[in-house]
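*Asks:* Structure for the following, please:
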Amino acid sequence: MIREILSFIDDAEKGAQHVTALVDIGARLGAHIKIGVLTAAPMMLPELAPFGSLYLPEIALRADGELQIGRARGLVAAAADRVDIWGYHDSVGWLAADVRDSRQIADLIAIGDADSWNVPWLRRKLIETLLLSAGTPILLLPGTPKIGRVRHAVLGWKPSAQANRVVHDLVALAEPGARIDVVTVGPAPEGEPAELPGSGIKRHLARHGFAVEMFRINDGDEPEDQLQAFAVRHKADLLAVGGFAHTRIREIVLGGVTRALIDSPFLPVLMAH
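*Replies:* Below is the predicted model:
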């Protein structure tokens, strides 16, 4: 049961659509929304982050932060009793650590897409930091950040501790009786039985009252692309991933989640580590 949703933005104007969507999601789920506004010291160019920061006196940076907080509060004025907004201000390289050290507790962390951030690098760093430290599932929202009731979800499945964790989080978020497609990506191992591996997960989800189908897909594309394409093709409300491995590590692997899912979600993506 979701009763508190935590989120972060770094620009009230760019994040306005995300904030508005959060208020709608909170109303549908009966959840309280908590929003942290991250104000970074000015930079020569956001694309240079975490380098290129310019000096700004503490009092001026704090004033910039208060201005952003005020603008964010203006976006939720009609629902102020269901939304808490506060801020952090620091050098861009330290803001994710500031959030980590605050140890905010919530049932779910919701993050908007890269276009809703002034500094996309900060968004990616924040997601990485929270996945590894918060112990809270993260929901990535796409450019059109709408999520209603989760009546159909796709679960990217590869047995692991991270995958088990996202299963528990999905059970809490999905509607009773929802359809869950459990999808394994990659060629079938030699001698694999007719029933896909992971029959334990099928029984587990069925005992929670979900309608479960098992699939294996392998079209040669990157695993995250195959999963997103499957979810979009089957008109799922949500893609859940936890322990799906990627063979070519570029920057980070967080519970099997690669940069493609972090940077460009086509639909809401639930992640856990």
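*Asks:* hey, let's count contacts and neighbours off CA atoms from now on
*Replies:* Will do.
*Asks:* remind me which residues of the stretch 151-273 of the chain are low pLDDT?
*Replies:* 191-199, 243-260 (pLDDT under 70).
*Asks:* Quick one: the helices in the protein, in order.
*Replies:* 16-29, 58-75, 92-102, 120-133, 161-173, 199-207, 223-233, 259-263 (DSSP state H).
*Asks:* Format these as TSV; extra columns: mean neighbour count and distance to Glu47.
*Replies:* Shown next, in TSV, are these (neighbours: other C-alpha atoms under 10 Å; distance: least, C-alpha to C-alpha, whole Å):
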stretch	mean neighbour count	distance to Glu47
helix 16-29	20	21
helix 58-75	17	20
helix 92-102	16	12
helix 120-133	19	8
helix 161-173	20	32
helix 199-207	14	42
helix 223-233	19	25
helix 259-263	18	15
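*Asks:* Any idea how many residues pack against Pro57?
*Replies:* By the criterion of other C-alpha atoms under 10 Å, Pro57 has 9 neighbours.
*Asks:* quick one, phi/psi of it?
*Replies:* phi -60, psi 150 (degrees, to the nearest 10).
*Asks:* just wondering, since we're on Ser264, how far is it from Pro223?
*Replies:* Distance, Ser264 to Pro223, by C-alpha to C-alpha, to the nearest Å: 14 Å.
*Asks:* sorry, back to before: output the helices of the chain in a markdown table, with distance to Val154 appended to each entry.
*Replies:* Shown next, in a markdown table, are those (distance: least, C-alpha to C-alpha, whole Å):
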| stretch | distance to Val154 |
| --- | --- |
| helix 16-29 | 20 |
| helix 58-75 | 33 |
| helix 92-102 | 29 |
| helix 120-133 | 20 |
| helix 161-173 | 10 |
| helix 199-207 | 12 |
| helix 223-233 | 6 |
| helix 259-263 | 14 |
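*Asks:* I'd like to know which of those is closest to Val269.
*Replies:* Comparison of the helices of the chain against Val269 by C-alpha to C-alpha identifies helix 259-263 as nearest, at 7.6 Å.
*Asks:* which stretches of the stretch 1-150 of the chain aren't confidently modelled?
*Replies:* 144-148.
*Asks:* How is the chain partitioned into domains?
*Replies:* 4-140, 152-271 (automatic domain parsing).
*Asks:* Can you give the distance from the longest one to the centre of its chain?
*Replies:* When you say that, I think you mean domain 4-140. A distance of 13 Å separates the centroid of the chain from that of domain 4-140, by C-alpha atoms, centre = their mean, to the nearest Å.
*Asks:* before we move on, what about the shortest one?
*Replies:* Distance of domain 152-271 from its chain centroid, counting by C-alpha atoms, centre = their mean, is 15 Å.
*Asks:* I'd like to know which of the helices of the chain is closest to Asp84.
*Replies:* Short answer: helix 58-75, nearest of the helices of the chain by C-alpha to C-alpha, at 8.6 Å.
*Asks:* The closest one to helix 16-29, inter-axis angle?
*Replies:* 50 degrees (axes from the mean of the first three to the mean of the last three C-alpha atoms, to 10 degrees).
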